[in-house]
Structures are given as structure tokens and as C-alpha cells.
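Visitor: fold the following, please.
(2 chains)
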Amino acid sequence: MIAMGSMAEKLTLLVDGGIEYYKDKAIVSEGGGMAFMASPMSKDRIKEVESIDGVKVAQAEINMLLEDLEAVNFGQPPMIVGTDLRGQEYESFEITFAKGRDLKEGDHKKVIVGSDLVNKLDAKVGKRIKIRGEKFEVIGILEKTLTGPDLTVVMLLADAQELYHKTLPDVLRKELKAEDLVTGITAFVDEDHDPDKVAKTIGKEIEGLSAMGPKAFQDQIGSAVGVFSAIITLIGLVALMVGGLSVVNTMSMSIAERTKEIGIRKAIGASSFKIIRQFLMESGVIGIIGGLIGLGLGIAFTSVANAAGNESGTALFLVTPRLAISAVLFALILGIIGGFFPAWRASRLNPVEALRYE
Amino acid sequence: MSDAMEGNLNQIVEVIDLHKSYRLGKNNFVHALRGTSLSIKKGGMTAIMGPSGSGKSTLMHIIGLLDTLSKGEVWLAGNRIDNLPKKKLPKLRASKMGFIFQGFNLIPTLTALENVALAAEYKGLSRKESAKLARERLDVVGLGDRIRHRQSELSGGEQHRVAIARALVNKPDIVLGDEPTGDLDTETSREIIQMMKEVNMTTGTTFVLVTHDPEVADSCDHQIQMRDGSIVDDSASKIDGSTKTLS
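Guide: Next comes the predicted model:
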């Protein structure tokens, strides 16, 4: 449960970060592909996008995979983002630097590295690292954002264009010039305009382009997350049944073994309520202990899995305080619910029969 | 309260025409008590004797509100208790009665102090007050230095003394003992009988002891003999010239 929950937590924070990032933007692509699978488009499209009412500025971008995917990846794969920095001063998504500084014009062959890629790329400020076969100097390392930027290497558009150009099939590579290529445009929308409406207008008025506003992003991602949530819910229900039945079984056995004790307690004046309270407290404690052990094992498992994943830049799990507290509370409640029936049965025992029990 | 009861306020327990039947199978009944009547004097020591299956333990369980009756009346200190609602019984057991069982029936996971304090907590005292009272009672039975020991660390006699302390912790009107010396050797048994007699004499607590042991019976001032669910001999009726009908 902890492992699945931490995976869901990671995904939720990733999506929340995405929603926060896209709240005042429209993401423009040729034909409407996802960011890292977008087909190339001409840089001239920027002017067309900026001509739409409500667009403050359009920023050309290259979004590409840091390395070719060898297997199906859960969540976001490590990415390279090349930017022409035109939107830099309008960016509302707060990013802070753990070390170093942000990109500026003229930072040729320099990169900023997301926190989850530091180990994978062995990145240090001032150090030169290899990205897709080319050497780049690290000028900044981002603070953890728990969302997209953690798995991103940011560089100037021109550098990314060169890298992207190399990945194109021969036929396209000969036809297209690197400096004309972009895979996406981020349209920064004026505060007094609705980014979803602006996105719709872009899609309607510029032929061949499609744009996604924050609502469309939410819908698109939401449906994907929905499937995962359904799986988590299903696993949660199975865990609830298994855990609940385990508590019922443990408490029933404990009560059977302690029948005589229940008889003694009743004989010396314990009311049914006190017997129920005692056994509910015990089942609650069993629940908490089970929850803490589960949490410990979950943290150990996710740490090992993340350490292994870090080498490929894909840490899948995130155990947050809210997840840890929820897990232990869940276990406590499960313990109490699971213990209720055995506790109630204990309270109904006939004291004379219970005292005779050996 | 009936006139008879009003006139018998020096009786701690009054049992009138008590019947108890158990159902065994569909139409088979076992009659454990067949119209038993008796009076137990306040502040006395009563021994209930008889062979196994004579109904003496059933009688004690009904007087102690641990079991229900099929017919009849049970009065405790002038109050009828057999018709009380079920939820009132635990409180009454905790405050008015103390129990000493064969095999002592201590809770093995608790210390001597905790075993004794538990009865006080069930009466409604705070944990602190209960512990204080329990310590005092354990001192009285000579176990002041063994309060942190669990059942497995106490001898048979010591366990018995813990059971006595537990039975006395709430200053009950009556202590009911079911074969209280059944598991003890002769010397320890005498020691325990002596202790109960001392408590009886110094505090005036009534003791009703179900026993096979003639030595226990001899130390009591009132003996009742039972057979097949009926009282066949009651020493009180001989002394008092009581009009009680013996079956």
C-alpha cells in the first residue's frame, strides 16, 4: 500500500505541478502531440501565435527526451528543454536554485540540471557533463520541485535545436535546418484573458496548430491519472479486506485464548462497554504497530527502488508526511473496525462459562 | 421491600424458592437448583458444602450475579437484585461483592498490584486511587513487597493472598469464594482460612465459601449442606430455630 500510495503521491504532485505551471499558459504544438513526442514545427509559427489576442509572448521550445527510451516509463521520463528565454520574465511558476544560477542569453553549451538528474548526470556547478554525446557546462542545479523540472535539463534553444536535429531521420535532417526547428511553443497569456479561450482561438485561427490550455491539460492528465487512481483504489480495497480480516482473525484468536481472563474481568465488575473498549484499544494498537511496520517497510522498499531508479533518473516513489500519516491512520482505523466484532463478541461472553474455560 | 425483608435487615443475603434449570438438547432440562431458600447473616462466615453437581456453585454464581435464575428471588442487603437490568449488574458486582475463585484466577499478564487495582478501576475509581488502594490491601495481606510480581512469580499462597486482596479492595458487603482452598496444601490452606477469619472479624465482611474442605467448613459459623439442587442441612436453622423448610 505504501509503495502504491507513494507512487500515486509522486504522480499527484507531478500533475499538481503541471497544473500550476500551465495555469497561465497555452501549449502550442504542430498537430497536437504530447510535449516529448511532438513533431517538429517551424520557428516562424511564433509570430503567428503572438498575433493572437491575449498572447503576451510566445516562447519557442524544444522538448525532447534526455535519452531514447529503452522501456515503457512510468510518469515523466527525463527531458531536455531548450528555450529561447522570451518568456523568462513572465514566468509565474516559481523555481529556485539549490546551486548556481539561471540561464541567460549567450549561455551557449551551458545547462541547468533538475534535482532528480543530479546523480544520473553526476552534475556539479562548473562541471562539464555529457548530454546526448555533447559536452555542456552545468551552471545551475534546481531545488526539488516534486514536479516536472526535477527531471529536466534546461539549455538554450540553439543548443537543443542542434541536439534535436541530430535525432531526426536522415531524410528530414537534410531537409530541415537546426535553427528553424521547434517542437513546441509556450504562449504566455495576459492576466485578463482566459488561457483556455486563448488556446482555443490559436487552434481555430492558425492552421495546422493545436493548443492546450490549463483545463485541457487537466482533463488530459486527469483521465490518465484516473486510471491509476482506480487501480490504487482497487488495491486499497483488497488491502482493506485482507488487513481487516487479519485483525478480525488476530483478535478472535486473542479473545479465544483469553476467554477466562474476560470471565475474570466480568466477575470483578467489568461492564460490556469496558470489555469492548479494552479490546478495541488493543486492536487499535495492533493496527498502529502494523501501520508503522508497513510504513517502515514501505519507506525501505521505496528508498531502495528510488536509489535504483535514480541512476536512470526515474525515482517513481515519494513518501510524503501526509502519506505516512494517512497510512498509519488508515491502519489504526482498520484495526479498530476489524477489532470491533471480536470485541463485541467478547463483551457478550457469559462470565460463568468464560470462567470455566480452560 | 416485603415485610419479611424489612424484618431481616441483619441478613445480608436472602434467597427465596430459587430454581435454576439448564436446557440440554431440545427437550432435556437439568435442574441445578430446586426451590432453594436460605438466609445468610451479615458479618458471618458461611460454608456451602455438598458433592459435585449438588448446585452449590450455581447458587453462589446466582448470589454473585454471575448467572441468572429460572424462578425465585435473591435479596442483597435488603434490596432485591435478581430482577435488576443487566447493565446495572457489573457496577453492583464491583461495589458490593468480592470473588475468590478456585485456582485464584489472577490475570497472568498483570502484576499483583494491577490485578488488585483493576477491581477498583471497574468500580469507577481513578487509576491513581485504585493503585493506592490496591497497595494498601496488598500490605494488609502481607504482600507489600511483592506488588510488582506477576502470577508466575508468586507461590500458590501468595497468589491466593492477591486474590483475597482483590476481593477486598472495594470494601464489599460480601465475599464469595468458590473452593478457595482447593488448590492449596494443608499448611497454606490453614494460613488462608486464618486470614479470611481475621478479615471477617476485623472488617465485618461477610464470607460465603463453597467448599469440599471440612476444615474450611469447621472454621465457618454457618454451614449449609446441599444435595441434588436442594439444601439438606442448614446449621443456622438449628441454632436459630428458624422456620426454613429444608428439602
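
Visitor: could you find the closest non-adjacent residue to the closest residue to chain A within chain B?
Guide: Relative to chain A, the nearest point of chain B is B:Ala94 (2.5 Å; C-beta to the nearest C-beta). In this view, the C-beta of every residue, glycine as well, is placed from N, C-alpha and C. Excluding its sequence neighbours, the residue lying closest to B:Ala94 (C-beta to C-beta, 6 or more residues apart in numbering or on different chains) is A:Gly269, at 2.5 Å.

Visitor: what's near enough to touch the one you found?
Guide: Applying C-beta atoms under 8 Å, 6 or more residues apart in numbering or on different chains to A:Gly269 gives the contacts B:90-91, B:93-95, B:119, B:122-123, B:170.

Visitor: who's the residue most central in space within chain B bridged to?
Guide: Per C-alpha atoms, centre = their mean, the C-alpha nearest to the average position across chain B is that of B:Leu176, at 0.5 Å. Per DSSP bridges, the residues bridged to B:Leu176 are B:Phe99, B:Val208.

Visitor: is it true that it touches B:Ile62?
Guide: No - checked against C-beta atoms under 8 Å, the pair B:Leu176 and B:Ile62 is beyond contact range at 10.4 Å.

Visitor: same for the host helix or strand of A:Phe340, what does it pack against?
Guide: In this assignment (DSSP states H and E), A:Phe340 forms part of helix A:321-347. The contact analysis (3 or more C-beta pairs under 8 Å, 6 or more residues apart in numbering or on different chains; DSSP states H and E) places helix A:321-347 against helix A:2-22, helix A:214-257, helix A:272-310.

Visitor: start to end distance for stretch B:141-158?
Guide: When the termini of stretch B:141-158 are compared using C-alpha to C-alpha, to the nearest Å, they are 9 Å apart.

Visitor: same check, this time on stretch A:198-214
Guide: 11 Å.

Visitor: where does the prediction get shaky in the stretch 251-358 of chain A?
Guide: Counting by pLDDT under 70, the stretch 251-358 of chain A shows low-confidence ranges at A:310-315.

Visitor: close to chain B: what parts of it are there?
Guide: By C-beta under 8 Å from any C-beta of the partner chain, the residues of the stretch 251-358 of chain A that approach chain B are A:260-261, A:263-272, A:274, A:350-352, A:355.

Visitor: do a quick rundown of the helices in the stretch 51-200 of chain A.
Guide: Ranges of helices within the stretch 51-200 of chain A are A:118-121, A:157-167, A:170-175, A:195-205, based on DSSP state H, counting those that start in this stretch.

Visitor: I meant chain B, not that one.
Guide: Listed in chain order, the helices of chain B (DSSP state H) span B:3-6, B:56-63, B:89-96, B:112-123, B:127-140, B:156-168, B:186-203, B:214-219, B:235-240.

Visitor: wait, isn't A:Leu292 in contact with A:Val328?
Guide: Yes - here A:Leu292 reaches A:Val328: they are 6.3 Å apart, a contact under C-beta under 8 Å.

Visitor: which one's more surrounded, those two?
Guide: A:Val328 (18 against 14; other C-beta atoms under 10 Å in any protein chain shown).

Visitor: who's in contact with that one?
Guide: Counted by C-beta under 8 Å, 6+ apart, A:Val328 has contacts A:288, A:291-292, A:295.

Visitor: where does the stretch 1-150 of chain A have low pLDDT?
Guide: Those would be A:31-40, A:69-75, if you go by pLDDT under 70 across the stretch 1-150 of chain A.

Visitor: ok, which stretches of it are strands?
Guide: For the stretch 1-150 of chain A, applying DSSP state E, counting those that start in this stretch gives strands covering A:25-30, A:41-42, A:55-65, A:79-83, A:97-100, A:110-113, A:128-131, A:134-142.

Visitor: with only the CA atoms kept, save the longest one in PDB.
Guide: By that I understand strand A:55-65. The C-alpha coordinates for strand A:55-65 follow below in PDB (Å, rounded to 0.1, in the frame of the first residue of the first chain):
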ATOM      1  CA  VAL A  55      -0.900  36.200 -26.000                       C
ATOM      2  CA  LYS A  56       1.700  38.300 -24.200                       C
ATOM      3  CA  VAL A  57       4.700  36.500 -25.600                       C
ATOM      4  CA  ALA A  58       5.400  33.200 -27.300                       C
ATOM      5  CA  GLN A  59       8.400  31.200 -26.300                       C
ATOM      6  CA  ALA A  60       9.900  28.700 -28.700                       C
ATOM      7  CA  GLU A  61      11.000  25.400 -27.200                       C
ATOM      8  CA  ILE A  62      12.500  22.100 -27.900                       C
ATOM      9  CA  ASN A  63      11.200  19.300 -25.700                       C
ATOM     10  CA  MET A  64      13.000  16.100 -26.200                       C
ATOM     11  CA  LEU A  65      14.000  13.000 -24.300                       C
END
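
Visitor: what's the angle between that strand and helix A:195-205?
Guide: For strand A:55-65 against helix A:195-205, the angle by axes from the mean of the first three to the mean of the last three C-alpha atoms, to 10 degrees is 80 degrees.

Visitor: and strand A:55-65, how far out from the chain middle?
Guide: Offset of strand A:55-65 from its chain centre (C-alpha atoms, centre = their mean, to the nearest Å): 23 Å.

Visitor: likewise for the shortest one?
Guide: Once both centres are worked out by C-alpha atoms, centre = their mean, strand A:41-42 turns out to sit 31 Å from its chain's centre.

Visitor: identify all contacting residues around it.
Guide: Among residues not part of strand A:41-42, those counted as contacts by C-beta under 8 Å, 6+ apart are A:29-30, A:180-185, A:209.

Visitor: again, but for stretch B:174-194
Guide: By C-beta under 8 Å, 6+ apart, stretch B:174-194 touches B:12-13, B:40, B:57, B:60, B:63-64, B:76, B:96-104, B:156-157, B:160-161, B:163-164, B:167-168, B:196, B:205-213, B:215-216, B:219.

Visitor: what subset of those is buried?
Guide: Buried members of the contacts of stretch B:174-194, scored by 16 or more other C-beta atoms under 10 Å in any protein chain shown, are B:12-13, B:40, B:57, B:60, B:63-64, B:76, B:96-104, B:157, B:160-161, B:163-164, B:167-168, B:196, B:205-211, B:213, B:216, B:219.
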